[in-house]
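1. Have a look at this prediction, sequence included:
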Amino acid sequence: MFLWWNIEQILRKKRPKYVLLENVDRLLRSPTFQRGRDFGVILSCLHNLGYCVEWRVINAAEYGFPQKRRRTFFFAAQKGHNVVQKYGKTAYRR
């Protein structure tokens, strides 16, 4: 989770139109004593920075790789950007 704050700082300064992030699937359940808190913090920060977010857990084995490797992917686009207008449905939008 410590690395997230560096990423958030970069996003705040650079304001890219798109963001693609990847992490372990355990992110959805961490930390152990507050399941999902870290995941929620990331979604909330992206929302507060003006991004619409889609996320998925993808298993590499389902795409022909010889190992089970579940990873969490986030795709975020600035609100009002044509990708958001075109696809419209987002996992976290107000």
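-> Perfect, thanks for sending it. Not measured: the values here are computed from a predicted model. Numbering: from 1, shown residues only.
2. C-alpha only now, for contacts and for neighbours.
-> OK.
3. Any idea how far stretch 34-53 is from the middle of the chain?
-> What separates the centre of stretch 34-53 from the centre of its chain is 8 Å, taken as C-alpha atoms, centre = their mean, to the nearest Å.
4. now do stretch 46-64
-> With C-alpha atoms, centre = their mean as the basis, stretch 46-64 stands 5 Å off its chain's centre.
5. ok so Asp38 is a strand residue?
-> No - counting by DSSP: H, G, I helix; E, B strand; the rest coil, Asp38 falls outside a strand, being helix.
6. in terms of contact, does it touch Thr32 like I think?
-> No - in this structure, Asp38 is not within contact of Thr32 by C-alpha atoms under 8 Å, at 10.3 Å.
7. Neighbour count for these two, which is higher?
-> Ranked by neighbour count (other C-alpha atoms under 10 Å), Asp38 and Thr32 place Asp38 first, with 17 against 9.
8. Contact partners for the more buried one?
-> By C-alpha atoms under 8 Å, 6 or more residues apart in numbering, the contact set of Asp38 is 1, 27-28, 30-31.
9. No further queries at this time; thank you.
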